[in-house]
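> Build the 3D model from these lines:
(2 chains)
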2 protein chains.
Amino acid sequence: MTLVYFAIACGLVAVAYGFFTSGQVLRSPAGNEKMQDIAAAIQEGAKAYLGRQYLTIAIVGAVVAVVLFFTLGGLSTLGFLIGAVLSGVAGFVGMNISVRANVRTAEAARGSLQGGLTLAFRSGAVTGMLVAGLGLLSIAMLFWYLVEVSGYAPNDRPVIETLTSLAFGASLISIFARLGGGIFTKAADVGADLVGKVEAGIPEDDPRNPAVIADNVGDNVGDCAGMAADLFETYVVTLGLTMVSIALLMRGLDSELLTTLMALPLIVGGVCIITSIIGTYMVRLGKGQSIMGALYKGFWTTVILSIPAIWAVTHYALGDMSALIGGAPDSSGFLEGTSTALTDEANLGLTSGPQFTGWSLFYCMMIGLAVTGLLVWITEYYTGTNYRPVKSIAKASVTGHGTNVIQGLAISLESTALPTLVIVVAVIATYQIAGIIGVAFAATSLLAVAGMVVALDAYGPVTDNAGGIAEMAGLEDEVRHRTDALDAVGNTTKAVTKGYAIGSAALAALVLFGAYTTDLREFFPDANVDFSLSNPYVIVGLLLGALLPYLFGAFGMTAVGRAAGHVVEDVRNQFRDNPGIMAGTSRPNYARTVDIVTRAAIKEMIVPSLLPVLSPIAVYFIVTAVAGQNEGFAALGAMLLGVIVSGLFVAISMTSGGGAWDNAKKYIEDGNYGGKGSDAHKAAVTGDTVGDPYKDTAGPAVNPMIKITNIVALLLLAALAGQAAG
Amino acid sequence: MTLVYFAIACGLVAVAYGFFTSGQVLRSPAGNEKMQDIAAAIQEGAKAYLGRQYLTIAIVGAVVAVVLFFTLGGLSTLGFLIGAVLSGVAGFVGMNISVRANVRTAEAARGSLQGGLTLAFRSGAVTGMLVAGLGLLSIAMLFWYLVEVSGYAPNDRPVIETLTSLAFGASLISIFARLGGGIFTKAADVGADLVGKVEAGIPEDDPRNPAVIADNVGDNVGDCAGMAADLFETYVVTLGLTMVSIALLMRGLDSELLTTLMALPLIVGGVCIITSIIGTYMVRLGKGQSIMGALYKGFWTTVILSIPAIWAVTHYALGDMSALIGGAPDSSGFLEGTSTALTDEANLGLTSGPQFTGWSLFYCMMIGLAVTGLLVWITEYYTGTNYRPVKSIAKASVTGHGTNVIQGLAISLESTALPTLVIVVAVIATYQIAGIIGVAFAATSLLAVAGMVVALDAYGPVTDNAGGIAEMAGLEDEVRHRTDALDAVGNTTKAVTKGYAIGSAALAALVLFGAYTTDLREFFPDANVDFSLSNPYVIVGLLLGALLPYLFGAFGMTAVGRAAGHVVEDVRNQFRDNPGIMAGTSRPNYARTVDIVTRAAIKEMIVPSLLPVLSPIAVYFIVTAVAGQNEGFAALGAMLLGVIVSGLFVAISMTSGGGAWDNAKKYIEDGNYGGKGSDAHKAAVTGDTVGDPYKDTAGPAVNPMIKITNIVALLLLAALAGQAAG
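Here you go, the predicted structure:
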C-alpha cells in the first residue's frame, strides 16, 4: 500500500498545483471595465449552460445509478457516482478557471506575447493537472478503500466491478459533456459566422453580433469543459482497466505481488504528474518567438524526464527488474501472452498465462511514450500551417469552395494512415515483449503524461476567448495579432489531444476485449463462444460496431446544423426588431442567444449519447433471441472491436481534417493566396465551417463512445451473471 | 453438363439481344449535322482515352500474367487473361454504344420524353445484357472446358484456381477502369465547372468552354465503361466464387451432384438474364409521366419474374427440393454451417459439413432478391429528390456553402445505417437456413439480376450526354428540360448500382473469407492459425485492412483535385490566348483538353490501383518475418475482413452522399429555394462539386478494391503452397 499512498500523494500535489496556479492567474490584472463586462457575460453564460447540462446529465445518471444498484449492488453504484461526479468536477473547474483567464490573457497580451502565453498556458495547466490529479486520486483512493479498508483481495470481483463502474461513470458523463459542449460551441460558432460574417458582413467577434457571446461561451463549455471531462474519462478508463486486466489475467500471483503490480500504473501516473508539473515551467518563448516551440519545450521536458522517472518507480516497486513475473498456468487457457524475447527458456512447459519481467514492462511503457511523441508529431504535420497538408488545402481554396472541401476531405482520409501504422507497430511490439499486459502498460504510460497534453490543449480556448474580448473591447490591433498567433497554435494542440485520446482508445481496445473474454470465461464457464472471424455472428458484430461511429457522427453533424439554424433565426430577428444593433447604438440581447443555444444543445445531446449505452444491450439480446446465447456473446464481443476499427478512422479523419481546414484559413489570413477578403479566403471560411462540427463535435465524442460501448458490455456480463446466479 | 449448356445458351441470348438492340439504336435518326459533329468529337475523345487506358492496363496485366504463369501455371494465366480481356470488352462495348446513343437520344427527345427515355434505356440495356452475358459465358465456358474437355473433377485444384484467376483478371482491369475513368470524368467535370460556371460565368455545357467535350467524354469512359467493367467484375467474382466455395466446402459429394450444385449459380444467372430482357420491354412512362416509375416497372418485372424462374431451375437441377444435400463430415472441420431449421434431426452425429435442401437454397436466393429490392429502395430514399435527405441538403444550402456541405456529410454518414442492417439481417437469415453456402447463394441471386441493374445505370450517362449535345447544338429549351429530367433520375440509378455492388461485396466477404480459411487448411494442414479476435495479429490485420479504403479514398480525391487543376490551367490559357472563344467567333481546342485529362487520369490511376494488389502481400511477408507464418496468415485473413468492414461504410457514404448532393442541386434548379442563380444554388453547386469525386471516383472504386485484396490473398496462398511443394 506504500505505492498507493505515493500515488495519492502525487494526486494531491496536482490539486495543490491547481490551487497555487489558479491563485497566480486570478491575481493577474483583469483589464479595464469594458473587458470585465464582456468577460462577465461569458462567465455567466458558461455557468448557466454547464449548470443546465449537468442537471440533465444528473437525471440520466440517477436513472443509471438506480439500475446499477439493483443489478450490481452498492459498491458499483458508489464507483459509478465517484466517476461521474469527478468527471463533472474536472469539467466545471476547467471552465471556471478558463472564463477568468481569458480576460487576463487579453490584458497580458497588451504587454507582450510572452505575457499572454504564460497566462493562457498557466490556466490550461490548472485544468491539465486537475484532470490527471483527480483521475489518479479517484482510482487510487477507491483501490485503497476496497483493499485496505474493506479487506478485499485485489482481484476479488467487487474490486474489479467497482473499478469498472468508476470508469463507466466517468465515460457516461464525458460523452454528454463532449457532445453537448461540442454542439453548443459549434452551433454558436457556425451560427455566428453565418449571419455575422456572411450575411451582415461584420468581422468575427464583432460586438454587434448577438451570437458573439454565445460563441465565446462555447469555447469554454465545449473546448474546455467538454474536453476536460473527456480526458478525465480516458485517464480513468485506461489506468483503471489496466488494473482490472492485471487482476483478471494474473490469477496465479500471490496477493502482495498482485497488489504491487496493480499499483504500478498508479505510481507511474503519479510520477508523470510530477514531471508534467516540471514541464509546465519550461514553456517559454525562445529567440525565434515560436509559440509551438515554447509549448514543445514543456512537452519534451515532461516526456524526457518521464523516462528515468518511470524506470525509478518500476524499479522501486518490483525490486529485481529481471525477475520473471507470472507464467503460472492460467486456468482459462485464454489470452496467452509470452515474452518471446526474454522468457523462451523459462516458459517451456507453461502453455499460458502472461509472463514478463520489470524490464519488459519498462520497455512497453517507453513504447507508450514514443507513441505519444509520434502522435503529437503526426498531428502537427497534418494540422500545422508549415507543412504540405494545410498548404495544399489553402492552395485548393484558390479555385473555389468545392476544391477547398475536396482537398480537405482528401487530407482527412489520408491523415488516418500514419497514426494507424504507429498504433499497429506499438501493438505488435508491446505484445511481443509482454503480451496483453504489455499493451496495457503502453496505454498507461501514454496516458500518464495526460496532464501536460491537456495543458497544451486547454490553453487554446483561453486564447480564442482572449482574442474575442480584445476585439469586442476595441483593444489595439497588436493585441489581436498576438492572440491570433496563440490561437493558431491552439488549433494544432486541440487536434493533438483528440488524436492522443483516440490513439489510446485503440491501444486500450485490445485490453478491453481481453477483459471481456476473460470475464466471459469466468462468469459463463459453460459457454462455448467462437470469436473466430469465420463465425458469421462475429462479422455481424463487427459490421454493427463499425456502424456506430457513422451513425453517431451523423447525429452530431445534424445536431450542429439544426442548432446553428436556431441561432441564425434568432440573430436575424434581433437585427430586424432592433435596427440600433447594427448602427452600434443599442446592445444586442446576448443572453437570449446563449439561452437558445443552451436549450438546443441539451436537447440534441441526449439521443446520440444513449446510442452507445443501448446498442450493446440491444445487440446481445436480439442475437441471443435469434441464434442463442453463444452467438449473442460472440456478436457483442465483435461489436466492441468493430466500433474501434471504424471509430479510430472516423475520429482521426474528423479531428485532423477539421484542424487542417481551420489552419488553412488562418494560413490565408496570414497573407497567402490573397489574404483576408479574397475569394480564396471565402472558400477557406467554408472549409473551416465544415471542419467545425467535424473536429469539435462528432469527431472527439467518438472516443468516449468507444469506451462506453466496451464498459457497458463488461457490466452487462456481470449483470447477466448476477441474474443467472440470483 | 446440360445445365452448363443451358447457361451458355442464356449467355448467347444476352449477346444476341445486345446485337439486336444495338441495331435498333443505331438505326434511329442521329440528328442534324451540328449534333453529329459534336457527337463525333465526343466519340473520338472517348475512343482515344479508352485506347490509351487499356494500353496502360495491358502493360500491367502482362506483368501480372507473367508472374501468374511462373507461380500458378498456364491454366491460371489463361483464366486471368480471359477475365481481363472480357472485362475490357464489356467496358469498351458499353462505351461504344453509349457514344452513339447520346446524339440519337437528343434527337429522340425533340419528339417526346418517351422517345428519349426509350432510346437511352435501350442503349443502357445493351451494356447491361452484355455485362451479364459475357460474365456468364466466361465462367460457364471455362468451367465446361476444364470439366468436360480437360476432364478435371469439378473440385480439382486447377478448376478452383482457374476460376479464381478469372475473377482476378476481371477485378484487376476493373479497378483501373473504375479509377481511371472516375478520375477522368470528375477532373473534366470539376475543371469545366470551375472555369466555366464559376470564373467565366457561362452555363454548363456551353460550347465556348474548351473542357466541355472532355466533360462529355468523361460520362462515357467513367460512368459507362468504368461502371460496366466494375459490374462485370462483381458478377464474375460473385458467381465464380460461389462455385469455388461449393467446390471447397462440399468435399463429400459425388462428382455428379457436385457438378450440378456448381452449375446452379450459372443457370440462375442464365434465367435471370431472360427475366431481365423481358423486364427491359416493360420500361414505359405511365399517365403520371414518372421516369423513375417507368424504370421501376422494368426492374420489378424482372425481380418478380425471377422468383418462379429461380424456383423452376432449382427444381429442374436438383429434382427433389426436399432432399438433403451434404452433411458428410468435412475433413477440415472448418466452417460448419447447418440448417438448424430443416436438418436438426438428420444432422445428429454430424459435426460439420454444410447441409441443406433445394428449398433452403431457394429461400436464400429469395433473400438475395429481397436485398436487391431493399437496397434499391434505400438508395432511392437517400438520393431521390422526393425525400427528406435531399430536401434537407437543399434547405441547408440557403444558409450557405458551409451548411450545405455539413448537411451533405451528415446524410453521407447516416446513409450507411439501413444498408448495413439489411445486410446483417440477410447474413443471419441465410446462414441460419443453409450455412455459408446459403450466404453465397444469396449473393448469387443478388447479382443474377445485374443485367437489369446495369441497364438502369448505363442509361444515365447517355441522357447526361444528350443534354450536353442539346445545349451545344442550340436545340430547343424543351429538349434540355426533357434530358435534364431523365438525368436527375440517372443520378439515383447510378447511386443504386454502386450501393448494389458494394452490398454484394459485403455478402461475398464471408464467402471469400471462407474460401481463404478452407484453402489455408488444405494448403497448410500443419499451420495453426488463430483467427480469434483475441489474437492481436487479428486486430492488427483488421486495422490495416480498414485503413486501405481510407488511403485509397485519399488518393482518389487528391487525384481528381490535381487533374482538375490541369484542366483549369488549360482552359484559362485557351481563353487568354484566343479571345475569339468567349466572343463565340472561334472554336476552342477541345482535343487539347481531352488529351490533358487523358494523360492526367492515366498517370493518377496507377499507384492507388496497385495498393490493394501489393498490400496483402506486404502484410503477409512483414508479419511473417516479425512474428512467424501463423501470425502472418492470421493478419492477412483479418485484413480481408477489415477492408470490407471499413470499405462498406466508406463506399456507401461516398456514393449515397454524392448522389444526394447532386440531386439537392437539381432540386433547387427545379425552382425551390430561389432556383438557378440564387445563393442557395451557388451553395448547392459547391456540394455537387464535392460530391463528384466522392460518388464517381473514390466511392465506387472501393468495390473492386475489396475484391482484389481478397483474391490476391487467395492466389498468394496457392503460390506459397506451390513454392513449398516445388
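> is it true that residue A:118 touches residue A:108?
Yes - assessed by CB atoms under 8 Å, residue A:118 is found in contact with residue A:108 at 7.1 Å. Quick note: C-beta positions are derived from backbone N, CA and C, even for glycine.
> Name the residue in the two with the higher neighbour count.
The neighbour comparison of residue A:118 against residue A:108 (other CB atoms under 10 Å in any protein chain shown) goes to residue A:108, with 25 against 20.
> Surely the more buried one is in contact with residue A:122?
No - between residue A:108 and residue A:122 there is no contact under CB under 8 Å: 10.1 Å.
> Out of the helices and strands in chain A, which is least certain?
When the helices and strands of chain A are scored by mean pLDDT, DSSP states H and E, helix A:340-343 comes last with a mean of 35.
> which is the next helix or strand following it?
strand A:355-356 (DSSP states H and E).
> and that following strand, what does it pack onto?
strand A:325-326, helix A:340-343, helix A:417-448 (3 or more CB pairs under 8 Å, 6 or more residues apart in numbering or on different chains; DSSP states H and E).
> Kindly state which of these is positioned closest to chain B.
Chain B lies closest, by CB to the nearest CB, to one member of those: helix A:417-448, at 4.6 Å.
> now that closest one, how far from the chain's geometric center?
18 Å (CA atoms, centre = their mean, to the nearest Å).
> Could you identify the helix or strand that succeeds it?
Taking DSSP H and E, what comes next after helix A:417-448 is helix A:450-472.
> any idea which helix or strand comes after that next one?
helix A:477-523.
> Let me know whether that next one sits next to chain B.
Yes - looking at helix A:477-523 against chain B by CB under 8 Å from any CB of the partner chain, the contacts come from A:506, A:509-510, A:513-514, A:517.
> so whichever helix or strand comes after that helix versus helix B:477-523, what angle?
The first helix or strand that comes after helix A:477-523 along the chain, using DSSP H and E, is helix A:536-577. For helix A:536-577 against helix B:477-523, the angle by axes from the mean of the first three to the mean of the last three CA atoms, to 10 degrees is 150 degrees.
> Please work out the average pLDDT along helix A:536-577.
In this model, helix A:536-577 carries a mean pLDDT of 92.
> How about it and chain B, touching?
Yes - for helix A:536-577 and chain B, the contact criterion (CB under 8 Å from any CB) is met by A:536-540, A:542-544, A:546-547, A:550-551, A:553-554, A:557-558, A:560-561, A:564-565, A:568.
> Make a PyMOL selection of whichever of these turn out to be buried.
This is the PyMOL syntax for the buried subset of these, where burial follows 16 or more other CB atoms under 10 Å in any protein chain shown:
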select buried, chain A and resi 536+537+538+539+540+542+543+544+546+547+550+551+553+554+557+558+560+561+564+565+568
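> buried ones in stretch A:4-18?
So, applying 16+ other CB under 10 Å, buried residues of stretch A:4-18: A:4-8, A:10-11, A:13-15, A:17-18.
> Where strands are concerned, which of these count?
Secondary structure from DSSP state E places none of the buried residues of stretch A:4-18 in strands.
> would TSV of the residues you listed with distance to residue A:318 be doable?
Formatted as TSV, the buried residues of stretch A:4-18 follow (distance: CB to CB, whole Å):
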residue	distance to residue A:318
A:4	15
A:5	17
A:6	14
A:7	15
A:8	20
A:10	18
A:11	22
A:13	23
A:14	25
A:15	28
A:17	28
A:18	31
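> List just the nearest of those to chain B.
Nearest to chain B among the buried residues of stretch A:4-18, with distances taken as CB to the nearest CB, is residue A:7, at 28.7 Å.
> quick one: that closest one and residue A:262 touch, right?
No - using CB under 8 Å as the test, residue A:7 is too far from residue A:262 to be in contact (11.0 Å).
> List phi and psi for residue A:678.
phi -70, psi 170 (degrees, to the nearest 10).
> ok, now residue A:320?
phi -70, psi 110.
> what bits of the stretch 401-550 of chain A have low per-residue confidence?
For the stretch 401-550 of chain A, no stretch is flagged by pLDDT under 70.
> neighbours of the closest residue to chain B within it, just the number please.
Closest residue of the stretch 401-550 of chain A to chain B, CB to the nearest CB: residue A:402 (2.9 Å). Counted by other CB under 10 Å, the residues lying close to residue A:402 total 28.
> what's the spacing between it and residue A:17?
Between residue A:402 and residue A:17 the computed distance is 49 Å (CB to CB, to the nearest Å).
> now residue A:149
Counting by CB to CB, the gap from residue A:149 to residue A:17 is 28 Å.
> do residue A:311 as well
Counting by CB to CB - residue A:311 and residue A:17 are separated by 24 Å.
> what number of residues lie near the nearest residue to residue A:510 once chain neighbours are set aside?
Closest residue to residue A:510 apart from its sequence neighbours, by CB to CB, 6 or more residues apart in numbering or on different chains: residue A:439 at 5.3 Å. For residue A:439, the neighbour count with other CB under 10 Å is 31.
> wait, what's in contact with residue A:439?
By CB atoms under 8 Å, 6 or more residues apart in numbering or on different chains, residue A:439 lies in contact with A:364, A:427, A:430-431, A:507, A:510-511, B:536.
> switch to 10 Å and redo it
A:242, A:245, A:337, A:364, A:367-368, A:426-431, A:433, A:507-511, A:514, B:536, B:539 (CB atoms under 10 Å, 6 or more residues apart in numbering or on different chains).
> And residue A:454, by the same measure?
With contact set as CB under 10 Å, 6+ apart, residue A:454 has these partners: A:90, A:94, A:124-132, A:224, A:227-228, A:230-232, A:234-235, A:276, A:493, A:497, A:500-501.
> mind checking how far it is from residue A:541?
33 Å.
> now residue A:490
If you go by CB to CB, the gap between residue A:490 and residue A:541 works out to 39 Å.
> what does residue A:587 give?
Taking CB to CB, one finds residue A:587 at 56 Å from residue A:541.
> Equivalent analysis for residue A:77, please.
Taken as CB to CB, the span from residue A:77 to residue A:541 is 29 Å.
> And the two? Which one has more around it.
residue A:541 (31 against 21).
> Isn't that one up against residue A:642?
Yes - the criterion here is CB atoms under 10 Å, and residue A:541 meets it with residue A:642 at 6.0 Å.
> what's the overlap in contacts for these two?
A:635, B:533.
> Kindly report the residues of the stretch 151-300 of chain A close to chain B.
A:186, A:190-191, A:193-195, A:197-199 (CB under 10 Å from any CB of the partner chain).
> Where does the prediction get shaky in chain A?
A:327-353, A:726.
> Briefly note if stretch A:371-379 comes near chain B.
No - judged by CB under 10 Å from any CB, stretch A:371-379 and chain B are separated, with a smallest distance of 13.9 Å.
> how far out from the middle of the chain is that stretch?
15 Å.
> Buried ones in it, by neighbour count?
A:371-372, A:374-376, A:378-379.
> Figure out the length between the terminal residues of stretch A:574-583.
Distance between the two ends of stretch A:574-583: 13 Å, counting by CA to CA, to the nearest Å.
> Give the buried residues for it.
A:574-575, A:578, A:581-582.
> Tell me how far that stretch lies from the chain's centre.
40 Å.
> Report the contact partners of the residue in the stretch 1-150 of chain A positioned nearest to chain B.
Closest contact between the stretch 1-150 of chain A and chain B, by CB to the nearest CB, is at residue A:49 (22.1 Å). By CB under 10 Å, 6+ apart, residue A:49 lies in contact with A:95, A:180-181, A:184-185, A:214, A:217-218, A:220-222, A:225, A:594-595, A:597-599, A:601-602.
> Please, a PyMOL command that selects the buried ones among those residues?
Remark: buried members of the contacts of residue A:49, expressed as a PyMOL selection using 16+ other CB under 10 Å:
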select buried, chain A and resi 95+180+181+184+185+214+217+218+220+221+222+225+594+595+597+598+601+602
